[in-house]
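In: Turn this into a model:
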Amino acid sequence: MTGNATWREVLKENRQRYLDEMVELLRIPSVSASDDHIDDVKRAAQWVADRLKKGGFENVEICPTGVHDAVYADWMHAPGMPTVLIYGHFDVQPADPLELWDSPPFEPVIKDGRIYARGTADMKSNLILCLTGVEALLQSEGKLPVNVKFLFEGQEEIGSRDLPAFVAANREKLACDIVLTPDGIQWNEEQPCLCMGFKGLCAMEVEVETAGMDMHSGLYGGAVPNAAHALVQLLGSLRDAEGNILVEGFYDSVRPLTAGEREKINEVPFDADTYKREIGVTALVGEPGYSTYERAWARPTLDVNGLWGGYSGGGVKTVIPAKAGAKITCRLVANQVPEKIVDCIEAHMKKHCPAGATLRFKRFGASANPYEMPSDNVGVQAVAEVLTEVYGRAPYFVKMGGSLPITDMFRQELGAYTVDVGFALDDERMHSPNEFMRLGDFDRGQVVYVKMLERLARLAPGSMG
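Out: Just a heads-up that it's a prediction; the model follows:
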């Protein structure tokens, strides 16, 4: 089509084919968390590799990265221009519980301008839209305005556990000026946003033991320690009634929010009543002196995620529990190091463990460093200009309370910042039954990816680091 059609015309002419291809990919149950689907994840990797070749991209390679492979491709014929790495994933979350789906999760259904299936919003539709957008530009112009590399992986939903070693071993192959990832969201259908940071993560488990067996509360009550009581006392020592975390050293390395950062966050409209109603809570709580979005996006947290101990079945069982435990995670902010935070919490637990209780503390390997991108970065500003042009309004600059470990990894290994430019919306039931994506956002996302490449071509290589 070179010279005969604009990229917009290419997108329009091929829209149905793109949707058909999206359905093909969505039909592959590439659930990375399940050993039963290892071959399906491999099938998805092969599908993505074949699609990249079909799109005119070069050096397509299925790269072994542990249990689940990654796919690499590039187009490197723009000498003296920036190099853009587009990152995403083709694995999906499990579809359970199946009985809550209105249609089978791996049999895509298109209705009312939406496509329903597991992996639509997160993130196979987003993968297809960026690939086809870049392809349309290449087909219409016969070239791209920048150098482009693709890296799509098959284990993001299980923490990208094997990707760090792959990235470290392939720094030259993956070298770039900036990373764009469509693994993200926009604020709503009319309002774009740019995510400027993700929280880090650390996880642990604590168990207290007070006896060799559960005991009859009528025979031993009041005379021996109760593991459930000991656990409640121990967990209660972690935070005060207002929500301040009392672990010594927890806040030591936290970088305070600047006035500019607080201003950016509080430019985002917030209605407390709507917020509470949508998630079914009656009150908002948290660290004093901060707004709800500041707490959720930019202040560290410590949360108990689960509890066990004693009897919890129907009726009454009069026992004194011998063991009780809890799972705990922390979401971390700039300058906090996951391993050091876990050290602080373990030291606190040992210091405050009640008399008569033995402490067992377990660390989990799943962790992530916090990630922040400067809002004045020229790459961010270029993307913000594109979103403003396409949506007709400037994006909100937001942060996320969740973690995306790949962002810090790219920063550490490649020296490149990652800009999250995805087109799912937060009501599209990601990770839940009846996941969907709006087809209008799919169409718009293709346009944004074309315009981002065109806009980034105005920047000098090396200026975005």
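
In: residue nearest the centroid of this structure?
Out: Of all residues in the chain, the one closest to the mean position by C-alpha atoms, centre = their mean is Leu404, 4.4 Å from it.

In: How about the contacts made by it?
Out: 183, 198, 368, 371, 418, 420 (C-beta atoms under 8 Å, 6 or more residues apart in numbering). All C-beta atoms are positioned from the backbone trio N, CA, C, and that covers glycine.

In: got a markdown table for those, with distance to Arg239, secondary structure and neighbour count too?
Out: Shown next, in a markdown table, are the contacts of Leu404 (distance: C-beta to C-beta, whole Å; DSSP: H, G, I helix; E, B strand; the rest coil; neighbours: other C-beta atoms under 10 Å):
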| residue | distance to Arg239 | secondary structure | neighbour count |
| --- | --- | --- | --- |
| Asp183 | 32 | coil | 21 |
| Phe198 | 23 | strand | 29 |
| Ala368 | 22 | strand | 24 |
| Tyr371 | 25 | strand | 27 |
| Thr418 | 32 | strand | 26 |
| Asp420 | 30 | strand | 25 |
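
In: which of those lies closest to Leu235?
Out: Comparing those against Leu235 with C-beta to C-beta picks out Ala368 as the nearest, at 23.5 Å.

In: Pro192 and Leu26: what is the separation?
Out: 25 Å (C-beta to C-beta, to the nearest Å).

In: for Pro300, same thing?
Out: When Pro300 is compared with Leu26 (using C-beta to C-beta), they lie 37 Å apart.

In: So for these two, which sits in the more crowded spot?
Out: Taking other C-beta atoms under 10 Å, Pro300 and Leu26 do not tie; Leu26 has more neighbours (27 against 21).

In: what is the mean pLDDT for the strand or helix carrying Gln381?
Out: Assigned by DSSP states H and E, Gln381 belongs to helix 378-391. Across helix 378-391, the average pLDDT comes to 98.

In: and what of stretch 69-80?
Out: For stretch 69-80, mean pLDDT is 98.

In: got it, and stretch 320-338?
Out: Averaged across stretch 320-338, the pLDDT comes to 97.

In: pretty sure Lys55 is touching Cys130, no?
Out: Actually, residue 55 is Gly rather than Lys. No - here Gly55 lies out of contact with Cys130, judged by C-beta atoms under 8 Å, at a distance of 11.1 Å.

In: out of these two, which sits in the more crowded spot?
Out: Cys130 (28 against 18).

In: you'd agree that one is up against Val447?
Out: No - using C-beta under 8 Å as the test, Cys130 is too far from Val447 to be in contact (11.1 Å).

In: Quick check: pLDDT value at Thr2.
Out: pLDDT, read off for Thr2, is 49.

In: again, but for Ser403
Out: Note for Ser403: predicted pLDDT of 85.

In: any idea which helix or strand carries it?
Out: Ser403 is part of no helix or strand, with elements assigned from DSSP H and E.

In: Could you list which residues are in contact with it?
Out: Applying C-beta under 8 Å, 6+ apart, the residues near Ser403 are 198-201, 331, 368.

In: quick one: it from Leu439, how far?
Out: Relative to Leu439, Ser403 is positioned 29 Å away (C-beta to C-beta).

In: what's the answer for Gly313, then?
Out: In terms of C-beta to C-beta, Gly313 sits 47 Å off from Leu439.

In: and the least confident of the contacts of Leu404?
Out: Ala368 (89).

In: That one is in contact with Pro164, isn't it?
Out: No - contact between Ala368 and Pro164 fails when scored by C-beta under 8 Å: they sit 10.9 Å apart.

In: Pull out the buried positions in the helix holding Gln381.
Out: 378-380, 382-387, 391 (16 or more other C-beta atoms under 10 Å).

In: So which elements touch that helix?
Out: strand 193-198, strand 418-420, helix 439-456 (3 or more C-beta pairs under 8 Å, 6 or more residues apart in numbering; DSSP states H and E).

In: quick one: it to strand 193-198, angle?
Out: Counting by axes from the mean of the first three to the mean of the last three C-alpha atoms, to 10 degrees, helix 378-391 lies at 150 degrees to strand 193-198.

In: Name the surrounding residues that touch helix 378-391.
Out: Residues from elsewhere that reach helix 378-391 (C-beta under 8 Å, 6+ apart): 177-178, 180, 190-192, 194, 196, 373-374, 394-395, 417, 419, 421, 444, 447-448, 451-452, 455-456, 458-459, 463-464.

In: out of those, which are buried?
Out: Of the contacts of helix 378-391, these count as buried by 16+ other C-beta under 10 Å: 177-178, 180, 191-192, 194, 196, 373, 395, 417, 419, 421, 444, 447-448, 451-452, 455-456, 459, 464.

In: ok, the contacts of Leu404 vs Asn4, which is closest?
Out: Asp183 (33.7 Å).

In: mind listing what that closest one touches?
Out: 87-89, 122-123, 126, 156, 404, 420, 422.

In: Same check on Asn126?
Out: By C-beta under 8 Å, 6+ apart, the contact set of Asn126 is 88, 182-184, 422-424, 437, 445.

In: Name the SS class of Gly66, please.
Out: Put simply, Gly66 is coil when judged by DSSP: H, G, I helix; E, B strand; the rest coil.

In: Who's the closest spatial neighbour of it, skipping the chain neighbours?
Out: Using C-beta to C-beta, 6 or more residues apart in numbering and skipping the chain neighbours, the partner closest in space to Gly66 is Asp162 (3.1 Å).

In: How many residues are close by that neighbour?
Out: Using other C-beta under 10 Å, Asp162 has 18 neighbouring residues.

In: from what I can see it touches Thr65, true?
Out: Yes - if you go by C-beta under 8 Å, Asp162 and Thr65 touch, sitting 4.6 Å apart.

In: list residues touching both of the two?
Out: Gln155.

In: The spatially closest residue to Pro97 that is not a sequence neighbour: neighbour count?
Out: Among residues not flanking Pro97 along the chain, Pro433 sits closest, at 6.7 Å (C-beta to C-beta, 6+ apart). By other C-beta under 10 Å, 16 other residues sit near Pro433.

In: In a helix, Pro433, correct?
Out: No - counting by three-state DSSP, Pro433 is not found in a helix; it is coil.

In: low-scoring pLDDT stretches of the chain, where are they?
Out: The chain contains residues with pLDDT under 70 at 1-3.

In: From His68, how far out is the residue nearest to Gly66?
Out: 8 Å.

In: all helices of the stretch 201-350 of the chain, in order?
Out: For the stretch 201-350 of the chain, applying DSSP state H, counting those that start in this stretch gives helices covering 217-220, 227-236, 259-266, 272-279, 292-298, 338-352.

In: Which among those is found nearest to Ala73?
Out: Ranking the helices of the stretch 201-350 of the chain by proximity to Ala73 (C-beta to C-beta) places helix 338-352 first, at 32.6 Å.

In: and the helix or strand just after that closest one, which strands flank it?
Out: Scanning forward in sequence from helix 338-352 by DSSP H and E, the next helix or strand is strand 358-363. With DSSP bridges as the test, strand 358-363 is paired with strand 200-209 (antiparallel).

In: The strand it pairs with versus helix 227-236: what angle between them?
Out: Put simply, strand 200-209 runs at 150 degrees to helix 227-236, going by the same axes, to 10 degrees.

In: Now do the buried residues in strand 200-209.
Out: Those would be 200-204, 206-209, for strand 200-209 by 16+ other C-beta under 10 Å.
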